[in-house]
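**Student:** can you look at this prediction? I've put the sequence above it.
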Amino acid sequence: MAQLKDDCFAFDGGLMPVDDALTILAGRVACVVGTEEVPLRQALGRILAEDVTALRNVPPHDNSAVDGYAVYHADLNRDAETRLPVAGRIAAGHPLGGPAERGKAYQIFTGAPMPAGADGGPDTVFMAEDAEAAGDVVVLPKGLKKGSNRRFAGEDVKQGDVILRAGQILRAQEIGLAASVGRGKLTVRQKLRAAVFSTGDEVRDPADGAPEGCIFDANRYTVMSLLDGLGCAVTDLGILPDNPDAIAKALAGAEAGHDLLITSGGVSAGEEDHVKAAVERRGSIHFWRLAIKPGRPVALGQVGDTAFVGLPGNPVAAMVTFMLIARPLIMMLSGAADTDAPRFQVKAGFAYKKKAGRREWARAKLVRNGGGMPVAEKRHSSGAGILTSMVDADGLVELPEDLTELKEGATVDFLPFREVT
């Protein structure tokens, strides 16, 4: 765990490409949360804080991949069927209890340990449906290769292997892998404590009424939901009035118990934008002007030792900026090793013109046109305040800085919302 440096968000440059912004953040921002040990059932979505080393092989012993008969391959007749007496029965959890003899077959079930014996024991397993049982004898067809249907100890994981690395986000498969080597608990990063607030005398909570001239607070609920998706411990500070003293008091109260303060809108230099002044009473704030659309400058700063993020006020711009800047920043603060979101190639179902030097994202829905790549169809309404366009879309078509004209049918990168929400 580390504290933020006083100047980690300082930036006085001009319009900046988003990749440059992320590189700067990666070089300046460190994990600010501690660690805790949790049972596996509470580990889903958490960030691993330790390297996990396997203390045993998986599987722990050679075993059968099928229900059938274990034999020494050297006992088989190459040119004809082989008849062998059945000398034992081996089920999962019930080893043979002694060495297997040459010239005999052993009924064995899936997952059961291969028996020991001369020259390493039986080395081949016939599937039950390929064999013909006749009393105490089994008739085996010719032609089965040596080693068939036998799984080896350590085939999946070898003792001493580092199977998981610190910084990984734990999904079902990582949790299952930890369980397979006998780990019932894992050391993970504590949840990042994020406090969310809105400001504005005209903003009302959707649970309350909205008099004429007022609007309901969509952004606060959107941002809190995005933070929930990242596994943060979220505190709702509610809606603060357009009063610098009230905002500064709320920030001071939230600073000590949180790792991140985040809001949207109200951070520019207008007469009614009071957040900037309130943050500067107890820390610093810097505006990062990014060469992106949608999205206005994002405000990054500190209130004491607590990070502060001010997102744009328009709901689409707030969401896109969160996905592209706030999300990787939050993952860095939380101790994640990989903050990149994968893109996938699709066909553009639309033509588009844009300015050079600016990265843009078009909200799009994927459709199938009968074969090949999915086609991204751009939503018709594209204003930064059209939140329904995000609801209708599956993700964002990413248009790079050097592109000025996109032709319909071209291959483009697509960022699914499921990768960043």
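**Tutor:** Structure's in. What do you need?
**Student:** ranges for the helices of the chain?
**Tutor:** 18-28, 172-180, 218-229, 244-255, 275-282, 315-321, 327-334, 388-392 (DSSP state H).
**Student:** okay, those helices, which one's buried deepest?
**Tutor:** helix 315-321 (a mean of 25; mean count of other CB atoms under 10 Å). To be clear about C-beta, it is placed using only N, CA and C from the backbone, and glycine gets the same treatment.
**Student:** any idea of the mean pLDDT in it?
**Tutor:** Mean pLDDT, helix 315-321: 93.
**Student:** spatially nearest residue to the most centrally placed residue in the chain (excluding sequence neighbours)?
**Tutor:** Central residue of the chain (CA atoms, centre = their mean): residue 169, 5.7 Å from the mean position. In space, residue 169 comes closest to residue 47 once its chain neighbours are excluded; the distance is 5.7 Å by CB to CB, 6 or more residues apart in numbering.
**Student:** repeat for residue 185
**Tutor:** residue 37 is the one closest to residue 185 (CB to CB, 6+ apart), at 5.1 Å.
**Student:** that neighbour is in contact with residue 187, isn't it?
**Tutor:** Yes. Residue 37 sits in contact with residue 187 when judged by CB atoms under 8 Å, with a separation of 5.2 Å.
**Student:** can you list contacts of stretch 115-122?
**Tutor:** 70-72, 74, 88, 90, 95-96, 98-102, 106, 114 (CB atoms under 8 Å, 6 or more residues apart in numbering).
**Student:** going by neighbour count, which of those comes out on top?
**Tutor:** Scoring the contacts of stretch 115-122 on neighbours with other CB atoms under 10 Å, the highest-scoring entry is residue 70 at 29 neighbours.
**Student:** wait, isn't the residue nearest to the centre of the chain in contact with residue 339?
**Tutor:** No. Under the criterion of CB under 8 Å, residue 169 is not in contact with residue 339, lying 10.1 Å apart.
**Student:** can you pull the contacts of the residue nearest to residue 185?
**Tutor:** So residue 37 contacts 185, 186, 187, 188 (CB under 8 Å, 6+ apart).
**Student:** do you know how far the third one is from residue 48?
**Tutor:** Using CB to CB, to the nearest Å, one gets 7 Å for the distance from residue 187 to residue 48.
**Student:** try residue 122
**Tutor:** Residue 122 is 40 Å from residue 48, by CB to CB.
**Student:** between the helix or strand bottoming out on mean pLDDT in the chain and helix 18-28, how big is the angle?
**Tutor:** Least confident helix or strand, the chain: strand 283-288 with a mean of 83, by mean pLDDT, DSSP states H and E. Orientation check (axes from the mean of the first three to the mean of the last three CA atoms, to 10 degrees): strand 283-288 against helix 18-28 gives 150 degrees.
**Student:** the closest residue to residue 339 other than its chain neighbours and residue 56, how far apart?
**Tutor:** In this structure, residue 339 finds its nearest non-sequential neighbour in residue 328, 3.9 Å apart by CB to CB, 6+ apart. Residue 328 sits 36 Å away from residue 56 when distances are taken as CB to CB.
**Student:** try residue 131
**Tutor:** Residue 131 is 32 Å from residue 56, by CB to CB.
**Student:** same deal with residue 223?
**Tutor:** 44 Å.
**Student:** again, but for residue 100
**Tutor:** 24 Å.
**Student:** can you check residue 266 too?
**Tutor:** Counting by CB to CB, the gap from residue 266 to residue 56 is 56 Å.
**Student:** looking at these two, which is more packed in?
**Tutor:** residue 266 (23 against 15).
**Student:** ok, the more buried one - contacts?
**Tutor:** Here residue 266 is in contact with 199, 200, 272, 273, 274, 275, 310, 313 (CB under 8 Å, 6+ apart).
**Student:** switch the cut-off to 10 Å
**Tutor:** 197-200, 203, 240, 242, 247, 272-276, 278, 299, 310, 313 (CB atoms under 10 Å, 6 or more residues apart in numbering).
**Student:** so residue 361 touches residue 294, yeah?
**Tutor:** Yes. At 7.1 Å, residue 361 counts as touching residue 294 under the criterion of CB atoms under 10 Å.
**Student:** who touches both of those two?
**Tutor:** Joint contacts of residue 361 and residue 294 (CB under 10 Å, 6+ apart) are 316, 320, 382, 396.
**Student:** output the below-cut-off pLDDT ranges for the protein.
**Tutor:** Scanning the chain for pLDDT under 70 picks out the ranges 1-3, 6-14, 267-272, 370.
**Student:** would TSV of the contacts of residue 37 with neighbour count and distance to residue 236 be doable?
**Tutor:** Below are the contacts of residue 37 laid out as TSV (neighbours: other CB atoms under 10 Å; distance: CB to CB, whole Å):
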residue	neighbour count	distance to residue 236
185	14	31
186	23	29
187	16	29
188	25	24
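**Student:** burial measure for residue 377, as a count.
**Tutor:** So residue 377, with other CB under 10 Å, has 20 neighbours.
**Student:** I figured it hits residue 364, correct?
**Tutor:** Yes. Counting by CB under 10 Å, residue 377 does reach residue 364; the two are 5.9 Å apart.
**Student:** quick one: common contacting residues for these two?
**Tutor:** Counting by CB under 10 Å, 6+ apart, the residues touching both residue 377 and residue 364 are 348, 349, 350, 392, 393, 394, 397.
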